[in-house]
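Visitor: Structural data only, the sequence is not supplied:
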């Protein structure tokens with residue numbers, strides 16, 4: 001198969017039109033058509049990486065036909081402590097520990113502190129990696145040794161620890177562990193028989209499957225099921241989690257190009273957020289979060305005009321360095337759709353200042369910076385090269 005044949009195969013397998021693929025990588029439908037029909041040659045590395053990210057292709061040989069070349073070599077960054085976290089996830093306490101377990105309340109307090117570390121540190125992966133293995137050990141011991149309501153409370157804490165592990169592992173070259181943490185979190189939440197924990201786990205499982213481009217109908221059904229566990233008219237926490245499920249559905253529908261459904265569920269999430277006095281303590285669901293995700297929704301719908309319009313009205317007033325950095329990157333992605341490289345590189349620079357850790361592991365950033373180094377004007381190229389050095393990106397071929 002030629003490169004064009006391979007590109008067409010993977011585009012059609014993803015259910016993506018030429019127009020959508022072209023918009024997502026900053027080109028036209030005619031450009032995609034010319035590539036697929038062999039009228040244009042295979043693009044350079046930065047654009048290849050962008051195509052692999054959009055089409056969820058880890059091995060570039062699936063596109064190029066050349067010897068195996070993992071996209072993760074260029075697009076995914078491995079944290080220095082990932083081996084310790086992976087070992088902790090693969091450790092099973094078959095024998096009961098010879099020490100007293102932490103009380104359920106003490107374990108919950110430790111998990112709450114870990115969430116503060118995750119949201120508060122600009123280097124959240126390094127900060128959380130130092131406590132994750134011990135948190136897992138303590139929670140598993142508590143689940144093994146406690147009984148009754150205390151055991152269920154420990155299961156709820158364990159589910160949150162798996163959420164933290166999923167966030168730590170995200171955008172690193174080990175998708176199987178990300179899937180593992182999502183699945184284990186849901187299992188722990190079900191064992192706890194806690195509807196709030198199950199709803200939170202449904203939100204994180206939606207991210208797992210949406211980022212992998214899989215299980216579109218199943219993940220939407222999961223969010224629907226989670227809404228039925230909640231009574232938004234009875235408590236603010238139920239309303240927060242109910243709104244979160246509708247936000248998950250909006251993002252999933254946007255990923256599959258169903259604009260009407262996406263906007264309908266975003267409106268429900270927005271109404272829930274407007275009814276709140278604040279935001280969820282660790283999921284951070286509230287007005288600022290819903291507004292920020294509108295940029296992601298319209299970017300996934302390839303509507304650059306509406307995505308940038310939403311971006312222009314954001315204040316990003318949320319108590320989380322990693323979320324502020326992430327949403328600045330999403331704003332840059334919106335400007336990528338409008339082919340405005342100066343705005344892109346400016347926003348990516350701001351995202352780095354807020355949280356170097358978040359931007360270093362973001363796939364769009366790593367492919368976009370390399371593209372800007374290759375194709376931007378002189379000012380953009382210089383800024384992109386400076387950012388690439390900070391991100392420790394390889395040189396552009």
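Guide: Arrived safely. This structure is a prediction, so every number in the text was calculated from the model and none was measured.
Visitor: Show me the shaky parts of the chain.
Guide: For the chain, the stretches with pLDDT under 70 are 46, 66-76, 210-216, 376, 394-397.
Visitor: what's the longest helix in it?
Guide: As assigned by DSSP state H, the longest helix anywhere in the chain is helix 148-169.
Visitor: name the helices or strands packed onto the helix or strand just after that one?
Guide: Note on helix 148-169: by DSSP states H and E, the next helix or strand toward the C-terminus is helix 175-192. Judged by 3 or more Cβ pairs under 8 Å, 6 or more residues apart in numbering; DSSP states H and E, helix 175-192 is in contact with helix 82-89, helix 148-169, helix 195-211. From N, CA and C alone the C-beta is placed, and that goes for glycine too.
Visitor: ok, now with 6 Å
Guide: helix 148-169, helix 195-211 (3 or more Cβ pairs under 6 Å, 6 or more residues apart in numbering; DSSP states H and E).
Visitor: What is the subsequent helix or strand relative to the shortest one?
Guide: In the C-terminal direction, the helix or strand that comes right after helix 195-211 (DSSP H and E) is helix 216-228.
Visitor: Run the angle between the following helix or strand past that next one and helix 195-211 for me.
Guide: Next helix or strand after helix 216-228 toward the C-terminus (DSSP H and E): helix 236-255. Counting by axes from the mean of the first three to the mean of the last three Cα atoms, to 10 degrees, helix 236-255 lies at 10 degrees to helix 195-211.
Visitor: Other residues contacting whichever helix or strand comes after helix 236-255?
Guide: Scanning forward in sequence from helix 236-255 by DSSP H and E, the next helix or strand is helix 259-274. Applying Cβ atoms under 6 Å, 6 or more residues apart in numbering, the external contacts of helix 259-274 come out as 239, 242-243, 246-247, 249-250, 253-254, 286-287, 290, 297, 301.
Visitor: Just want the most central residue of the chain.
Guide: residue 207 (6.0 Å; Cα atoms, centre = their mean).
Visitor: separation between that one and residue 263?
Guide: 20 Å (Cβ to Cβ, to the nearest Å).
Visitor: what's next to stretch 279-297, contact-wise?
Guide: 115, 240, 243-244, 247, 250, 254, 262, 266, 269-270, 273, 276, 307, 310-311, 314, 317-318, 320, 327, 330-331, 334.
Visitor: how far does stretch 279-297 stretch from start to finish?
Guide: End-to-end distance for stretch 279-297, by Cα to Cα, to the nearest Å: 20 Å.
Visitor: Stretch 36-43 now?
Guide: End-to-end distance (Cα to Cα), stretch 36-43: 12 Å.
Visitor: Could you list the buried residues of it?
Guide: 36, 42-43 (16 or more other Cβ atoms under 10 Å).
Visitor: Kindly report the same for stretch 332-341.
Guide: In stretch 332-341, counting by 16+ other Cβ under 10 Å, buried: 332-337, 340-341.
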